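Engineer: Predicted model and sequence follow; I will ask about them next.
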Amino acid sequence: MTSQIEVNNLAKSFRVAKRTSGVFGALGSIFRREYQNRVALSNVSFAIEAGELVGYIGPNGAGKSTTVKILSGILVPDSGTVRALGMCPWKQRTQYVQRIGVVFGQRTQMWWDLPVIDSFHLLRDIYSVPDAQFRRRCGELTDQMNLGAFLNTPVRQLSLGERMRCDLAAALLHSPEVLFLDEPTIGLDAVSKLALRQLVKSLNVEHGVTVILTTHDMDDIEALCSRVIVIGDGEILSDGPLTELRNSIARERWLTVELEGDQMFSPPANTTIMRREGNQVWLRYDPVITPTPLLISAIAATNNVRDLLVQEPPIEEIIAHIYQNGQP
Amino acid sequence: MTPVSAVRPYLTLLVARCRQETQYRAAALFGMATQLFWGLVRIAIFTAFLKAGANRSSMSLPQTVTYLWLVQGMIRAMPWSVDAEIRNLVREGTVVYELLRPIDLYFSWYMRAFARHAIPTIMRAIPLFVAAVLLFHMQMPPTVSAGALFVTGVVLALLLAAAISTLINISLLFTISGDGIQRILPAIANFASGLLIPLSFLPSALRRVLRILPFCSLIDTPARFYLGQIGTPEAASMFAQTLIWILALSWFGRFLILRASKRMVVQGG
Amino acid sequence: MKSQTSGLRLYLSLVVACLRGQLQYQASFVMMALGQFLVTGLEFAAIAALFYRFGSVHGWQLRQVAFLYGVVGSGYALAEGLCRGFDQFSAIIRRGDFDRLLLRPRSTILQVAAFEVQLMRIGRFLQAAFVLAWALMHLQPDASTLIVAAAMVTGTMCTFCGLFVLQATLTFFTIETPEIVNVVTYGGVETASFPLSIYPGWLRFTFTWLVPLASTAYLPARLLFKAHGPILHILILPGCGLLFLLASILIWRFGERRYTSTGS
């Protein structure tokens, strides 16, 4: 059996216009420009099975949004093939987008000045959802996402968290088989983030919707994704289960110690001081070699500590690791 | 505070805005091409009318052509639209922070508006006039004093345009009546300034009314100076009239902005 | 294959949605529509003043020019009202909203056209329609005159829609559409409101062969004023507007394909 989405040797580069200065430069640039090639994707291949929940991560400019644009059919690659839902997204765009849903965290697809329900009605017309099916689906989503209280509120008056839930529902009205989420939790408060993650999880588990999630929030990935694809500089750097990724490259933790006053601090065994500023010290350590509780009690026993904070290295750190070491 | 140090922040603002405006050189070039096109269309229309009834005209054909080119050159002095940056300030509510600055909001907006009219006008008008004189039958001013009166008239026109424009920008602070002012003021300005039709072509009763309003100082008055239709003594009283309008409109704008800011401070935006 | 909501129905519901959003700001809308009415009303007043002083132009009387003005003005206002999205297209692309439209299983033409319908445009339309009605009363119209007039308005509307579509297509290639494009839209309104015979050859050529405003307004009007007999054959002329619109749409499709293959 073939996978639901198959991506082979995708490559895409953009021509970026060089800016020219002066009146005649600006004038000339309307007609004839000098271009520079910028490679967005050099060779990307992966396959996604129906019902997977995949995180697609990488630093800004790595090619994430280019991939998503190609996979959703709105951008044509220079070379390579995509077979998704049995179709080529950009060649059969209108048929294809009928079966996918896309949510952008930064932008709403709803009508700003209208009540939420009106946007739903418009989307029903746009996606030609039969009336009976629309009513059933709309009722389901309203219950599940708890939208009842503000279906009649104009979109501009919703909080960001409410709006994201509505946007998610809006993208699901036509029962897509594949859902693309682009930074869905950006700007949300902690409670809304949790609620949204729960919804995405249950969509995936209960309805079997394939979800492809791009994000900068490592917690999103951790809460949702069984599999993570890391992209950097237009290439796939790693593709596999999250635990594998963490354990092989980003097993380390960071500990911030705030000391009582400007005292001496000697690092415990198997830890390294990354930085010290005044009475704050940043340490990195491997939690398998040095379990966190032991480390903390060791530090507290020998130092006068005001506060402690354990963190996972940020996602940029993990990707920096992958860059340095090549394959994990 | 010495007078010099009181004025300095506004001058700094003015210079910064002017410098920013000079960056839109490509836009100025395209604008000039657009104005050339418009000028030729309007000249064709007026020529056809004048040929139909030359004896009824208050201006000769060459004078009318010159007037129409002056209109095209002065088009950026027309107070047509609100300042997009100020619109965003108001829309996002950040305009309240503007009030926290230790400078007079009216004068800082006035300086912005002045730069927004003066620099594009100068950048477009001079090359346009050169092209029109060389290629498209625009006349030079008949005397040196006519030229000097014209230049003075243009400076006053720009000061007045800034005052009207600032008033339009201030109208953003008043929701509903503001929307009306933003549309109606430019519409009246188009007609009453001589942009649509030289005021001397209008019936005399209407013309007399329009020449009392401020808008005629934007285009019609400088154009009449340029054509040598007005002597120096008469010009002095027209300058005085324009100055009075500039002062009155500025005072009114400042009054409105103070009222709006009191309301904003009390109601919290 | 399930049946699709018809394009017309979808366009209408998108337009209605847009209008309902604007009606939330009712008072502002009234003000803006009044303003629009006033802007173009005073423009016409200036034309009337020219006739008041000079009598006629190239043998055309005020009523006859008013007829042309009414046809061109209402055609333009309709085009602006019905597909303003194309006029605003560079902003739509810049904000990334076009990608959203591409993500929907419907024609982009339809979606862009309905993207931003402005209710206040009704001010301009009403003003032009009043002028047109006033001019028509003078012509003592029979049914066929009215049909020709309606066809002229429709043809002019199609021509301006086509111009907006072309202007938007330019955005696929340059991102910023230079101000000079207004020359054919706003300039077209001004030029075509007067008998074409008053213009120099290059202007007549532009608005006859490149932009078919002559055949949707000036030429049929001239035939109408001279007619002594059946006049419905004139209807062929405004049809050029429709052809122009269809051609523009083909060019748009080409531009869109190029856009999705090069990206922004």
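Structural biologist: Looks like it came in fine.
Engineer: quick one, strands of chain B?
Structural biologist: Using DSSP state E, chain B contains no strands.
Engineer: what does it put close to chain C?
Structural biologist: Chain B comes close to chain C at residues B:27, B:30-31, B:33-34, B:37-38, B:40-42, B:44-50, B:52-53, B:56-57, B:175-177, B:179-180, B:182-184, B:186-188, B:190-191, B:196-197, B:201-203, as judged by Cβ under 8 Å from any Cβ of the partner chain. Where C-beta positions appear, they are placed from N, C-alpha and C, glycine not excepted.
Engineer: Are any of those buried, and if so which?
Structural biologist: Among the residues of chain B next to chain C, those classed as buried by 16 or more other Cβ atoms under 10 Å in any protein chain shown are B:27, B:30-31, B:33-34, B:37-38, B:40-42, B:44-50, B:52, B:57, B:179-180, B:182-184, B:186-187, B:190-191, B:196-197, B:201-202.
Engineer: Return the subset of these lying in helices.
Structural biologist: Residues of those located in helices (DSSP state H): B:27, B:30-31, B:33-34, B:37-38, B:40-42, B:44-50, B:52, B:179-180, B:182-184, B:186-187, B:190-191.
Engineer: give me the residue from chain C nearest chain A.
Structural biologist: Here the residue of chain C nearest chain A is C:G21; by Cβ to the nearest Cβ that distance is 3.2 Å.
Engineer: For that residue, which non-adjacent residue is spatially closest?
Structural biologist: A:D113 (3.2 Å; Cβ to Cβ, 6 or more residues apart in numbering or on different chains).
Engineer: Am I right that that neighbour is in contact with C:Q24?
Structural biologist: Yes - with contacts counted by Cβ atoms under 8 Å, A:D113 reaches C:Q24, the gap being 5.5 Å.
Engineer: out of the two, which sits in the busier spot?
Structural biologist: Taking other Cβ atoms under 10 Å in any protein chain shown, A:D113 and C:Q24 do not tie; A:D113 has more neighbours (18 against 12).
Engineer: Name all residues that make contact with the more buried one.
Structural biologist: A:154-156, C:20-22, C:24 (Cβ atoms under 8 Å, 6 or more residues apart in numbering or on different chains).
Engineer: let's see 6 Å
Structural biologist: A:154, C:21, C:24 (Cβ atoms under 6 Å, 6 or more residues apart in numbering or on different chains).
Engineer: Let me know the helix or strand that the nearest residue to C:Y259 once chain neighbours are set aside is in.
Structural biologist: Excluding its sequence neighbours, the residue lying closest to C:Y259 (Cβ to Cβ, 6+ apart) is C:F172, at 4.3 Å. Under the criterion DSSP states H and E, the helix or strand holding C:F172 is helix C:143-174.
Engineer: what comes into contact with stretch C:173-191?
Structural biologist: Residues outside stretch C:173-191 that contact it (Cβ under 6 Å, 6+ apart): B:30-31, B:33-34, B:37, B:41, C:72, C:76, C:90, C:163, C:167, C:170-171, C:207, C:211, C:213.
Engineer: same thing but 7 Å
Structural biologist: With contact meaning Cβ atoms under 7 Å, 6 or more residues apart in numbering or on different chains, stretch C:173-191 is reached by A:30, B:27, B:30-31, B:33-34, B:37-38, B:41, C:72-73, C:76, C:90, C:93, C:160, C:163, C:167, C:170-171, C:199, C:203, C:207, C:211, C:213, C:255.
Engineer: just stretch A:65-77 next, same as before
Structural biologist: For stretch A:65-77, the surrounding residues in contact (Cβ under 7 Å, 6+ apart) are A:5, A:10-12, A:40-41, A:44, A:56, A:82, A:84, A:89-90, A:93, A:96-97, A:100, A:102, A:180, A:182, A:214, A:231, C:99, C:102-103, C:260-261, C:263.
Engineer: Try it again at 8 Å.
Structural biologist: Counting by Cβ under 8 Å, 6+ apart, residues outside stretch A:65-77 touching it are A:5, A:7, A:10-12, A:40-41, A:44, A:56, A:82, A:84, A:89-90, A:92-93, A:96-97, A:100, A:102, A:180, A:182, A:212, A:214, A:231, C:99, C:102-103, C:260-261, C:263.
Engineer: Quick one: end-to-end length of that stretch, please.
Structural biologist: Start and end residues of stretch A:65-77 are separated by 13 Å (Cα to Cα, to the nearest Å).
Engineer: What mean pLDDT does it get?
Structural biologist: Mean pLDDT, stretch A:65-77: 89.
Engineer: contacting residues around the closest residue to chain B within the stretch 1-150 of chain C?
Structural biologist: Nearest residue of the stretch 1-150 of chain C to chain B (Cβ to the nearest Cβ) works out as C:G35 at 2.2 Å. C:G35 makes contacts with B:179-180, B:182-184, B:187, C:120, C:123, as judged by Cβ under 8 Å, 6+ apart.
Engineer: The closest residue in space to B:I188 that isn't next to it in sequence: neighbour count?
Structural biologist: Distances taken as Cβ to Cβ, 6+ apart place B:F215 nearest to B:I188, at 6.8 Å, with adjacent residues excluded. By other Cβ under 10 Å, 26 other residues sit near B:F215.
Engineer: and what of A:L196?
Structural biologist: 24.
Engineer: Doesn't it belong to a helix?
Structural biologist: Yes - counting by DSSP: H, G, I helix; E, B strand; the rest coil, A:L196 is found in a helix.
Engineer: show me the contacts for it.
Structural biologist: So A:L196 contacts A:161, A:164-165, A:168, A:184-185, A:188 (Cβ under 8 Å, 6+ apart).
Engineer: Tabulate these in JSON lines, adding columns for pLDDT, distance to C:G59 and neighbour count.
Structural biologist: Shown next, in JSON lines, are the contacts of A:L196 (pLDDT from 0 to 100; distance: Cβ to Cβ, whole Å; neighbours: other Cβ atoms under 10 Å in any protein chain shown):
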{"residue": "A:G161", "pLDDT": "87", "distance to C:G59": "69", "neighbour count": "17"}
{"residue": "A:M164", "pLDDT": "89", "distance to C:G59": "66", "neighbour count": "26"}
{"residue": "A:R165", "pLDDT": "89", "distance to C:G59": "68", "neighbour count": "23"}
{"residue": "A:L168", "pLDDT": "91", "distance to C:G59": "67", "neighbour count": "21"}
{"residue": "A:P184", "pLDDT": "88", "distance to C:G59": "68", "neighbour count": "28"}
{"residue": "A:T185", "pLDDT": "86", "distance to C:G59": "71", "neighbour count": "24"}
{"residue": "A:L188", "pLDDT": "83", "distance to C:G59": "70", "neighbour count": "20"}
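Engineer: out of these, who's nearest B:L68?
Structural biologist: Taking Cβ to Cβ as the measure, A:M164 is the one of the contacts of A:L196 closest to B:L68, at 56.3 Å.
Engineer: Give the helix, strand or coil label for that closest one.
Structural biologist: Following three-state DSSP, we place A:M164 in the helix state.
Engineer: quick one: it and A:I186 touch, right?
Structural biologist: No - with contact defined as Cβ under 8 Å, A:M164 does not reach A:I186; the gap is 9.2 Å.
Engineer: tell me, what's touching these two both at once?
Structural biologist: Listed as contacting both A:M164 and A:I186 by Cβ under 8 Å, 6+ apart are A:G105.
Engineer: related to what we said a few turns ago, my guess is the residue of chain C closest to chain A contacts A:S119, does it?
Structural biologist: No - at 10.5 Å, C:G21 and A:S119 do not qualify as touching, with contact defined as Cβ under 8 Å.
Engineer: quick revisit: how near is the residue nearest to C:G21 to C:L146?
Structural biologist: 38 Å (Cβ to Cβ, to the nearest Å).
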